[in-house]
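S.K.: my questions concern the predicted model and sequence given below.
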Amino acid sequence: MSEVLHPETTGPDGFTTDRLRWHPWLPPLPVEEFEERHWQGVVDPARAQNPYFALLARQPEILAARTQLDWDVFRNTEGGLPRAEREIAATVASVVNGCVYCASVHARTAIAESGRDEDVHRLLDDGTDAELDERWDALVDLVVALTRSPVDVPADLVSRFAELGLDDVAIADAIASGAFFSWSNRLMLSLGEPSAPARRG
Amino acid sequence: MTNDTRPDVIDEILDVRPGDRLDRVRRARPVAREQAQVAYEAIFRPAHPGALAVAERYAVAWAVAAWTGEPGTVAHYRDRLLEVEPRAEVHAALSRVIADGAGTGPFGRFREPGLAARSTDGSRLVVGAAEVDVLGEELSALLAHAHALTLRPREASPALLEALTDVGWEATEIVALSQLVAYVSFQARLVAGLRALRSTWEVAA
């Protein structure tokens, strides 16, 4: 029978851009048990050492598809929404769902891509009611609507983007980036927990 | 434009036609479009199903889609379940579990002390004894877990996983369950978002 793990960790106090660690509640697949399909599942062999990916490697076909989907949604820069705004969408979904680990990773990337350190921290600290600017507010409102259950996306939340000059592909990128984190957050939250780096006194 | 013939479930749910405006938008991200379908097939037509039967997968997906509230996605999984599990008493029991689990989300207590003021409450599902009699302990545990993960994902814990291992589910199946719930959560929202996008074109036209 599988044993559930109880990591002894000190979690972060709240949303943060610190580099967190993640500790699984179920045993990752040991590297010595990897077969060809598991190596294909992790896509990048270095990820076999990462507890999150090594745990997901127990279902390698799903992991491989998920990884390629992720990369196309967030890294395909042929037109569409700027990378920074896709990362904001990921951060917003993570804040609404309450995935502190996911929010930390994507808030850091959003800052690196946009340079808007203060706005991203306000999103983490004040939540999705924080007023940022017209474009980011439209993005926050859309992703909040997409993340809630029952999901309800009023047309005017989408038409705001067209009024701001975004084309179909950019709007679809915003939708896909936000929706994708309803997937990511549920994996990260349901299979383990974050810990904070030790603070020096 | 239609250089592949692979069926695409998201297109089917949305009734996307080859070459129409939504088809062109989806094909601007060709790998994402294709891999959403590959992930669906890996979850629902697994080459290595293990102990998690296809009927159980569709039953859980139906419930997750219903609690997420995207009608086309709900109909898709209910119909797939009917194909592999036609018994009326099973559908009736599942319908009752789905109705009992209706609620809003995401809610839940944060594990982070600094977020206590942002914690919220909502309804938690307990599968009734009459439904457990029809569905069995194993599927009932999957449904209870799926409900938690759909509506209060931030309340996940080792104890929640122990409710699954206690009735015999192993790590490999629990990872599949998490992926299934999380995938349907994504898929239903992508469909809802693209539907809303298309509705803005119809108004403009």
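M.R.: Yep, it's here. Residues are numbered from 1 along each chain as shown, chains lettered A, B, ... in the order given.

S.K.: and stretch B:144-157, what's its mean pLDDT?
M.R.: Stretch B:144-157 shows an average pLDDT of 98 in the prediction.

S.K.: and stretch B:178-197, by the same measure?
M.R.: In the prediction, stretch B:178-197 has an average pLDDT of 98.

S.K.: close enough to count as contact, residue A:40 and residue A:63?
M.R.: No. In this structure residue A:40 lies outside contact range of residue A:63 using Cβ atoms under 8 Å: 9.1 Å. Quick note: C-beta positions are derived from backbone N, CA and C, even for glycine.

S.K.: the more surrounded of these two?
M.R.: residue A:63 (25 against 14; other Cβ atoms under 10 Å in any protein chain shown).

S.K.: check contacts around the residue in chain A that chain B sits nearest to.
M.R.: Relative to chain B, the nearest point of chain A is residue A:150 (2.6 Å; Cβ to the nearest Cβ). Going by Cβ atoms under 8 Å, 6 or more residues apart in numbering or on different chains, residue A:150 touches B:67-69, B:104.

S.K.: what sits against residue A:92?
M.R.: So residue A:92 contacts A:123, A:128, A:139-140, A:143-144, A:147, A:178 (Cβ under 8 Å, 6+ apart).

S.K.: which of these ranks first by neighbour count?
M.R.: Within these, neighbour counts (other Cβ under 10 Å) peak at residue A:143, which reaches 31 neighbours.

S.K.: how close does that residue get to residue A:81?
M.R.: 12 Å (Cβ to Cβ, to the nearest Å).

S.K.: before we move on, what about residue B:181?
M.R.: Residue B:181 is 27 Å from residue A:81, by Cβ to Cβ.

S.K.: ok, whatever residue of chain B ends up closest to chain A to residue A:99 distance?
M.R.: For chain B and chain A, the shortest gap (Cβ to the nearest Cβ) falls at residue B:69, measuring 2.6 Å. Between residue B:69 and residue A:99 the computed distance is 21 Å (Cβ to Cβ).

S.K.: looking at these two, which is more packed in?
M.R.: Of the pair residue B:69 and residue A:99, residue A:99 is the one with more neighbours under other Cβ under 10 Å, namely 27 against 18.

S.K.: need the contact list for the more buried one.
M.R.: Listed by Cβ under 8 Å, 6+ apart, the contact set of residue A:99 reads A:181, A:184-185, A:188-189, B:153-154.

S.K.: from the residues you listed, which single one is nearest residue B:57?
M.R.: Checking these against residue B:57 by Cβ to Cβ gives residue B:153 as the nearest, at 19.3 Å.

S.K.: give me the nearest residue to that closest one, chain neighbours excluded.
M.R.: Sequence neighbours aside, residue A:189 is the residue nearest to residue B:153 in space, at 4.6 Å (criterion: Cβ to Cβ, 6 or more residues apart in numbering or on different chains).

S.K.: quick check: that neighbour touching residue B:154?
M.R.: Yes. Using Cβ under 8 Å, residue A:189 is in contact with residue B:154, at 5.8 Å.

S.K.: quick one: common contacting residues for these two?
M.R.: A:97-99.

S.K.: out of those residues, list just those in helices.
M.R.: Among those, the ones falling in helices (DSSP state H) are residue A:97.

S.K.: quick one: the shared contacts of residue A:189 and residue B:154 as CSV, columns for pLDDT and distance to residue A:196 too.
M.R.: As requested, the shared contacts of residue A:189 and residue B:154 are exported to CSV (pLDDT from 0 to 100; distance: Cβ to Cβ, whole Å):
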residue, pLDDT, distance to residue A:196
A:97, 98, 19
A:98, 98, 16
A:99, 98, 15
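
S.K.: neighbours around residue 28, how many?
M.R.: Picking chain A for this. Other residues lying near residue A:28 total 23 when counted by other Cβ under 10 Å.

S.K.: if you could check chain B rather than the one you did, that'd help
M.R.: 19.

S.K.: and it, how far is that from residue A:35?
M.R.: 36 Å.

S.K.: in the chain, which helix is the longest?
M.R.: No chain in the question, so chain A it is. Secondary structure of chain A per DSSP H: the longest helix is helix A:168-191.

S.K.: please refer instead to chain B.
M.R.: Ranked by residue count, the top helix of chain B under DSSP H comes out as helix B:171-204.

S.K.: so residue A:39 touches residue A:53, yeah?
M.R.: No. Judged on Cβ under 8 Å, residue A:39 makes no contact with residue A:53 at a distance of 11.5 Å.
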